[in-house]
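Student: Could you look at this predicted model? Sequence included:
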Amino acid sequence: GVFPLDEVIRKRLLIDGDGAGDDRRINLLVKSFIKWCNSGSQEEGYLQYQRMLSTLSQCEFSMGKTLLVYDMNLREMENYEKIYKDIENSIAAAHEKISECKKQILQAKRIRKNRQEYDALAKVIQQHPDRHETLK
């Protein structure tokens, strides 16, 4: 099942986009701007102005953070692609090594078979007298 926390996070992501709170900050900025435009006293206007600057700096910080994460993700993708290529090369090298070992095994089996045949022939030959004895 879905945990309540997962549901809360999912809803927040749906409402907020990437979850950085930018929509809320922009809405706050618009409200502050309207209040600033309608402010009566100079003090209230200055206060709204400070709020707008604060919200703007939060938006800039959030944007900078998002860009850094984006750059990091790009570098990670490049890194993963490099790792993937290295693994592919390792697999290809392993396949080559395996086929080379199979060839060596076949050659060793041939040599062993030949040696066994030579040994069998040598035993048969040793049972007969040599040429010197035959000529006598």
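Tutor: That came in fine, so what should we check first? Numbering: from 1, shown residues only.
Student: alpha carbons only for contacts and neighbour counts from here, please
Tutor: Fine.
Student: Pull up the gap between the residue most central in space within the chain and N73, please.
Tutor: Nearest to the geometric centre of the chain sits Y80, at 3.6 Å (CA atoms, centre = their mean). According to CA to CA, to the nearest Å, Y80 and N73 sit 10 Å apart.
Student: same for the helix or strand hosting I34, what does it pack against?
Tutor: Element membership for I34, per DSSP states H and E: helix 22-38. Judged by 3 or more CA pairs under 8 Å, 6 or more residues apart in numbering; DSSP states H and E, helix 22-38 is in contact with helix 4-16, helix 42-127.
Student: and these, which one's lowest on average pLDDT?
Tutor: Across the helices and strands packed on helix 22-38, helix 4-16 has the smallest mean pLDDT, namely a mean of 66.
Student: Make CSV from the helices and strands packed on helix 22-38 and add distance to L135 to it.
Tutor: What follows is those, written out as CSV (distance: least, CA to CA, whole Å):
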stretch, distance to L135
helix 4-16, 102
helix 42-127, 16
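Student: I'd like to know which of the ones you listed is closest to L28.
Tutor: helix 42-127 (7.4 Å; CA to CA).
Student: any idea which helix or strand comes after that closest one?
Tutor: Using DSSP H and E, the helix or strand that follows helix 42-127 towards the C-terminus is helix 131-135.
Student: What average pLDDT does that following helix get?
Tutor: For helix 131-135, mean pLDDT is 79.
Student: For that helix, what is the distance to the chain centroid?
Tutor: The gap between where helix 131-135 is centred and where its chain is centred comes out at 79 Å by CA atoms, centre = their mean, to the nearest Å.
Student: Let the chain start at 56 from now.
Tutor: From this message on, residue numbering opens at 56, which makes the last subject helix 186-190.
Student: Buried ones in it, by neighbour count?
Tutor: Counting neighbours by 16 or more other CA atoms under 10 Å, one finds that helix 186-190 has no buried residues.
Student: Likewise for stretch 149-164?
Tutor: Per 16+ other CA under 10 Å, stretch 149-164 contains no buried residues.
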